[in-house]
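Novice: Make a model of this:
(chains A, B and C)
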Amino acid sequence: METSTLLERLNDAQRRAVSAAADQHLLVLAGAGSGKTRVLTHRMAWLCQQHHLSPYSLLAVTFTNKAAAEMRSRLGELLQMPVSGLWVGTFHGLAHRLLRLHWQEAGLPQNFQIIDSDDQLRLAKRIVKELGLDDKRWPPKQAVWFINARKEEGRRAAHLEAHGNPIEQGWIRIYLAYEAACQRGGQVDFAELLLRVVELLRDNDSLREHYQNRFSHLLVDEFQDSNELQYAWLRLLTGEHGTLFAVGDDDQSIYGWRGAKVANLLNFEQDLKGSEVIRLEQNYRSTALILKAANALISNNDNRLGKELWTAGEEGEPLTLYTAYDERDEARFVCQQVQNWVDNGGRRDEMAVLYRSNAQSRIFEEALISAVIPYRVYGGLRFFERAEIKDSLAYLRLLNNPHDDISFERAVNHPPRGIGVRTVEQIRLQAQQGQVSLWEATEQLLAAKTLKGRAASALAGFLTLMEQINTHCNGLDLGAQVEQVVEGSGLKIHFEKDRSDKGRARVENLQELVGAAGSFQGDAHAEMSPLDAFLAHAALEAGETQGGEWEDCLQLMTLHSAKGLEFPVVFMVGIEEGLFPHQRTLEEPKQLEEERRLCYVGITRARQQLYLCHAENRRLYGRELYPQPSRFLEELPAECLQELRPRLNVRRPVYRSAASNQAAAPTPRGRGQGVGKRVRHSKFGEGVVTDTEGQGDHARVQVNFATAGSKWLVLSYAKLEYL
DNA sequence: ATCGTCATAATTTTT
DNA sequence: TTATGACGAT
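Specialist: I've put the predicted structure just below:
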């Protein structure tokens, strides 16, 4: 491809980023919808074509498999070459690849396996128990959090100091035992993948120099989401002579709560000498009014590098603000708008409902089912996380390495074969005493005839079964091996007994697993057996949330999972104080700012139409709430908004376009006028009118007071002040 | 081993 | 409200 064509379809800022000097560190502040993937891939192509660099001297890293796949395919188009061996992937995927190449130097067994968060939690549970610690004081979930957080700081258990704090001491003991268990079983968790590589590069001079020389250019996507460890990784690879090209957006940093350090981005200029910052502010996605709202909202945050999105496109329709009576009314409203869009020739999959927390999806699902609108909910268990799949994988891993205790525990009684917790506990004890694996402990117990009849024969049966499967698998290809496991383990027969939908789905999933293994094409790099490659693939790419065809479905997801996506029509729902911003973020200004960025992310998902909804009345955790509209709504310029149903308690002037009058206001069902009004009573304080009855002097209103609860009051006596 | 009962807690999630 | 986990009973 000619150079000219590479720069041709870029705007000025994009072109400056792509064609910057080859040794220039760059931070590209890429606003939402400003074409960052395009800049990233074009930069890579530019370096190859203009500076005659080999594509193999570039390393490009992202966070998700999806983003990595996107980058690969677009790069392939630009370079017109197969892209399979290139160093383009996720942090974890690339770290894994390095560890497979240098397992020895990294102190790992060659057949090391990746464990996912579910395995990790199981292991933590076992360890807390084995150490005899109280799981009330040291909940395994928190132990996992502790371990991961320390690893992300680059700290090993041996480096930690309890400072006489017994709780801390407990965490450290757990971490220590956890490390030992993983090392013994050849297991590596997600954080460990990164930490091992950082340690490897840090401590092994020749290896570090090798890779620093090899990768002249490092490129990162979604830089604002990187954590300490990931940043250390990048800096080690960059070294003195490498060049870092980071793309990110501080305004879209929404993962601070899980360790992402925006500081990595904010300090870029200081950290990398002679670096430059380029802003991509032209937006190719949304209408001008949507961008205006987004800009106004985010300007309420401090500590940002600053950026203002603009478009050469149309002004577009105003944002629609809908004040629902309650959460069911909110859902009904969305259904109605979806129906309208479809009736006018639109597709359902052009629309998305975005909410703050997963619990909100239920009410929408109910409404959508009764309105017969097909929908798809994001989130939930992915393919390789399903129990029946994890069971099958446990057998495969155990065949690979009998000393894999995590897999042993899982496989030994799945499907149930009469090996109960009692028996397993005995095995654990034996293993602990002899410092051997569960498999060895089982052999010892059987040889010593310590176990009684039933348990002993069941266990012996299990060992024989594993040997049988092993023999049968010999020489088979991957697909046939997996089939052998699914059948031989008894898992298939076990789930076939379950005649319910759930059981049938599980059997189908097992079938699909066999199919997936059969057609699996592992990457040719890093000499791994097909089975190892498949197991790594299963751990690193958990697969789709839901299999099957999802044609033309309304999309339901959290605001977090919407990042990176776009839709012609977006509904943001539940925009209320306490829900969004969430209750738990109200105290810390930092957290509140992250909520605001989340709102910014939501707004900027919309291409043409954005609906903002909130309810006056919401049932949450079995309690009736009367939430205030979110502060974020008030931060939007009035001239961007139209209220579809003018609220009775207008708290500020709201610009109303001609369009707002055409839509009929849905009436709160069968309730009197005034319902929803906010009132103040001299004695009971503030509340909301929830019902009315009667006329004239006898008229009564039901008011739910914030502090005094719900009361019926006679209007002519109560002297209510309307707010 | 499976089922029922009780307590408890209840953002956000990728690898 | 509801979902999950722990615990005890069949």
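
Novice: and chain A, what are its domains?
Specialist: Chain A breaks down by automatic domain parsing into domains covering A:3-104+A:194-282, A:113-185, A:319-381+A:550-643, A:383-541, A:658-722.

Novice: These into CSV, with extra columns for mean neighbour count?
Specialist: Quick note: C-beta positions are derived from backbone N, CA and C, even for glycine. Written out in CSV, the entries for those read as follows (neighbours: other CB atoms under 10 Å):
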stretch, mean neighbour count
domain A:3-104+A:194-282, 19
domain A:113-185, 17
domain A:319-381+A:550-643, 19
domain A:383-541, 17
domain A:658-722, 15
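
Novice: Please dump those into CSV; it should also carry mean pLDDT and distance to DNA strand B for every row.
Specialist: Converted to CSV, the domains of chain A look like this (pLDDT from 0 to 100; distance: least, CB to the nearest atom of the strand, whole Å):
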stretch, mean pLDDT, distance to DNA strand B
domain A:3-104+A:194-282, 95, 3
domain A:113-185, 92, 4
domain A:319-381+A:550-643, 95, 3
domain A:383-541, 90, 3
domain A:658-722, 60, 18
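
Novice: Figure out which of these is closest to DNA strand C.
Specialist: Nearest to DNA strand C, of all the domains of chain A, is domain A:319-381+A:550-643, at 2.5 Å by CB to the nearest atom of the strand.

Novice: doesn't A:Gly518 make contact with A:Phe534?
Specialist: No: assessed by CB atoms under 8 Å, A:Phe534 is found out of contact with A:Gly518, at 10.3 Å.

Novice: Now the common contact residues for those two.
Specialist: Shared contacts of A:Phe534 and A:Gly518, defined by CB atoms under 8 Å, 6 or more residues apart in numbering, are found at A:478, A:482.

Novice: re earlier: and the domains of chain A as JSON lines, adding distance to A:Leu309?
Specialist: Compiled in JSON lines, the domains of chain A are given as follows (distance: least, CB to CB, whole Å):
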{"stretch": "domain A:3-104+A:194-282", "distance to A:Leu309": "5"}
{"stretch": "domain A:113-185", "distance to A:Leu309": "32"}
{"stretch": "domain A:319-381+A:550-643", "distance to A:Leu309": "8"}
{"stretch": "domain A:383-541", "distance to A:Leu309": "33"}
{"stretch": "domain A:658-722", "distance to A:Leu309": "24"}
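
Novice: Redo the ones you listed as a markdown table? Include distance to DNA strand C.
Specialist: What follows is those, written out as a markdown table (distance: least, CB to the nearest atom of the strand, whole Å):
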| stretch | distance to DNA strand C |
| --- | --- |
| domain A:3-104+A:194-282 | 19 |
| domain A:113-185 | 7 |
| domain A:319-381+A:550-643 | 3 |
| domain A:383-541 | 10 |
| domain A:658-722 | 16 |
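
Novice: Show me the helices in the stretch 301-450 of chain A, by range?
Specialist: A:327-343, A:361-370, A:387-400, A:405-411, A:421-434, A:438-447 (DSSP state H, counting those that start in this stretch).

Novice: Could you provide those helices in CSV, with additional columns for distance to A:Ala246?
Specialist: CSV is the format used below for the helices of the stretch 301-450 of chain A (distance: least, CB to CB, whole Å):
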stretch, distance to A:Ala246
helix A:327-343, 38
helix A:361-370, 34
helix A:387-400, 36
helix A:405-411, 36
helix A:421-434, 47
helix A:438-447, 45
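
Novice: among the ones you listed, which is nearest A:Ala106?
Specialist: Nearest to A:Ala106, of all these, is helix A:387-400, at 18.7 Å by CB to CB.

Novice: C-alpha coordinates for the closest one, PDB please?
Specialist: In PDB, the C-alpha atoms belonging to helix A:387-400 read as follows (Å, rounded to 0.1, in the frame of the first residue of the first chain):
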ATOM      1  CA  ALA A 387     -20.100 -26.200  35.300                       C
ATOM      2  CA  GLU A 388     -20.300 -29.100  32.800                       C
ATOM      3  CA  ILE A 389     -17.600 -27.600  30.700                       C
ATOM      4  CA  LYS A 390     -15.300 -26.900  33.700                       C
ATOM      5  CA  ASP A 391     -15.900 -30.500  34.800                       C
ATOM      6  CA  SER A 392     -14.800 -31.800  31.500                       C
ATOM      7  CA  LEU A 393     -11.700 -29.600  31.400                       C
ATOM      8  CA  ALA A 394     -10.800 -30.800  34.900                       C
ATOM      9  CA  TYR A 395     -10.500 -34.300  33.500                       C
ATOM     10  CA  LEU A 396      -8.400 -33.100  30.600                       C
ATOM     11  CA  ARG A 397      -6.100 -31.200  33.000                       C
ATOM     12  CA  LEU A 398      -5.800 -34.100  35.300                       C
ATOM     13  CA  LEU A 399      -4.800 -36.400  32.400                       C
ATOM     14  CA  ASN A 400      -2.200 -33.800  31.500                       C
END
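
Novice: now that helix against helix A:438-447, angle please.
Specialist: 70 degrees (axes from the mean of the first three to the mean of the last three CA atoms, to 10 degrees).

Novice: rewinding a little: show me the one of the domains of chain A that comes nearest A:Trp310.
Specialist: Taking the domains of chain A one by one with CB to CB, domain A:3-104+A:194-282 is closest: 6.0 Å.

Novice: So what's the gap between that closest one and the chain middle?
Specialist: Centre-to-centre, domain A:3-104+A:194-282 and its host chain are 21 Å apart (CA atoms, centre = their mean, to the nearest Å).

Novice: Over to stretch A:344-355?
Specialist: That offset, for stretch A:344-355, works out to 22 Å (CA atoms, centre = their mean).

Novice: Can you check the distance spanned by that stretch, start to finish?
Specialist: Length of stretch A:344-355, first residue to last, CA to CA, to the nearest Å: 25 Å.

Novice: again with stretch A:485-504
Specialist: By CA to CA, one end of stretch A:485-504 lies 19 Å from the other end.

Novice: got a list of contacts for that stretch?
Specialist: A:388, A:391-392, A:395-396, A:399, A:411, A:414-417, A:465, A:468-469, A:472-473, A:506-507, A:510, A:513-514.

Novice: just stretch A:290-306 next, same as before
Specialist: A:29, A:32, A:250-251, A:265-266, A:277, A:283, A:286, A:308-311, A:316, A:319, A:593, A:596-597, A:599-600, A:603-604, A:606-607, A:610, A:632, A:635-637, A:640-641.

Novice: Tell me which of those fall in strands.
Specialist: A:29, A:277, A:319, A:606-607, A:610, A:641 (DSSP state E).

Novice: Tell me which two in these are the farthest apart.
Specialist: A:Val277 and A:Leu641 (33.0 Å).

Novice: for A:Val220, what are its contacts?
Specialist: A:60-62, A:226, A:234, A:244-248.

Novice: Kindly recompute the last result at 10 Å.
Specialist: A:27, A:40, A:59-63, A:91, A:226, A:230-231, A:233-234, A:244-248, A:264-265 (CB atoms under 10 Å, 6 or more residues apart in numbering).

Novice: can you check A:Val507 too?
Specialist: A:388, A:486, A:491-498.

Novice: cool, and A:Leu556?
Specialist: A:334, A:351-355, A:358, A:360-361, A:364-365, A:368, A:375-379, A:571, A:573.

Novice: How about the secondary structure of A:Arg619?
Specialist: Of the three states, A:Arg619 takes strand under DSSP: H, G, I helix; E, B strand; the rest coil.
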